[in-house]
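S.K.: sequence below, structure please.
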Amino acid sequence: MSAMRMVSDITIAHDAPVSHDNRSNAFNSRHASKGLSLVELLIALALSAIIIASTMRGILLLSAQVNLSADRVEIIERARHSSVYLSDLVTRSALSKEGAKTEGAKKEGAKIGLLCDTPSAENSVGVVVLSEPGTLCIALSDRRTNTPVLWVDALEECPVHCEPSSWPAYVWVQPGCHPVFTQPAAELRVFSEAKPPAECTGTKRYALWSRSILYLRDYAWRRGDGIGALMIHRLGADGVFSRAEMLVWGLESWAISEYTGENEAGNQKIGSKQTGNSQANSWQLRLLFHGELNDTLFDTSALSIWAQSQRRSSLGNVTREEVSFRVAAMHVPMIESL
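M.R.: Alright, predicted model coming up:
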């Protein structure tokens, strides 16, 4: 009986009407603790701003390091490309007997005169370094002062390098071509296609012959930009040099000299024969490349004395890469039969 009374009381309590004011007070009491004061809101905003600023700073620092790393990689790639190209070109140099006679010439301009003659089997000069081109037969537009000019006559053996895109071109033929004689002297001819003329059927050796002039221009993309560029002129089959083409940009300076062995410190010397025009069997080349971005962490003491002396203040503290290598001018035989 008492249990039933308790249930009845509970039921009555549940069914008892609740006024509107009571419900409002209960709602407000439940949600009053979930609100934020103005002070709390300002603190939250300040903390959010600090977190965002720290995150953005980290992102910017990471982005800067990524850009610097990409800049360094690009410098290394340009240095590698230039080293491989120059090494291959000098190694394939072709020196004829007449061209070799100029090695002992003392008169200024003796080699230049030979270089500007019409190409023939007798005047291929191999490798010649001109410190002062003087009255050269081609204008070296905006050449950076006190930098050398590299002149290379080279051979590429056929048929490996005699692609159809190479024609017309100078071709070294050995023995030479003659309708009657079978062993004429070697000669330099212009072929319009890979197929040799009928009188050259007895030739045992074909090789593409090229003449190139390389120099350092004082700008890369526009005059006055201060970015050095390694340029090349190539002699065409019509006997006229092509317009200068850019091999690589970002070259701050370069030096070419005869290789003279090693000094006491074990470092390769940059020979004393950098003045005047020179010709040798082995060459020492040094190239100084630079990047585009300022690098506060770059240590200039890592550069050689020569490289430090060649730095241009207008470039600021950009990343630099120095390349030094020795290459032997093989002087591919052009007179002797194979």
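S.K.: what is the mean pLDDT for the top helix by length along the chain?
M.R.: Longest helix in the chain by number of residues, with DSSP state H as the criterion: helix 38-91. Averaged across helix 38-91, the pLDDT comes to 88.
S.K.: helices or strands up against that helix?
M.R.: Secondary-structure packing of helix 38-91 (3 or more Cβ pairs under 8 Å, 6 or more residues apart in numbering; DSSP states H and E): strand 149-157, strand 245-249, strand 282-294, strand 318-328. In short, each C-beta sits where N, CA and C put it, glycine included.
S.K.: mean pLDDT and mean neighbour count added to these, as TSV?
M.R.: Shown next, in TSV, are those (pLDDT from 0 to 100; neighbours: other Cβ atoms under 10 Å):
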stretch	mean pLDDT	mean neighbour count
strand 149-157	89	22
strand 245-249	95	16
strand 282-294	92	20
strand 318-328	90	18
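S.K.: can you list these in JSON lines and add distance to Ile256?
M.R.: Formatted as JSON lines, the helices and strands packed on helix 38-91 follow (distance: least, Cβ to Cβ, whole Å):
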{"stretch": "strand 149-157", "distance to Ile256": "6"}
{"stretch": "strand 245-249", "distance to Ile256": "15"}
{"stretch": "strand 282-294", "distance to Ile256": "5"}
{"stretch": "strand 318-328", "distance to Ile256": "10"}
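S.K.: surely Pro119 is in a helix?
M.R.: No - using DSSP: H, G, I helix; E, B strand; the rest coil, the assignment for Pro119 is coil, not a helix.
S.K.: tell me the phi and psi of the closest residue to it other than its chain neighbours?
M.R.: Nearest residue to Pro119, sequence neighbours excluded (Cβ to Cβ, 6 or more residues apart in numbering): Leu188, at 5.7 Å. With angles defined as degrees, to the nearest 10, Leu188 sits at phi -110, psi 120.
S.K.: could you double-check that Leu188 lies in contact with Thr118?
M.R.: No - counting by Cβ atoms under 8 Å, Leu188 sits too far from Thr118 to count as a contact (9.5 Å).
S.K.: neighbour count: the two, which is higher?
M.R.: Using other Cβ atoms under 10 Å as the criterion, Leu188 and Thr118 rank with Leu188 on top: 21 against 7.
S.K.: ok, now which ones touch the more buried one?
M.R.: Pro119, Ser120, Ala121, Ser124, Tyr170, Val171, Trp172, Val173, Trp209 (Cβ atoms under 8 Å, 6 or more residues apart in numbering).
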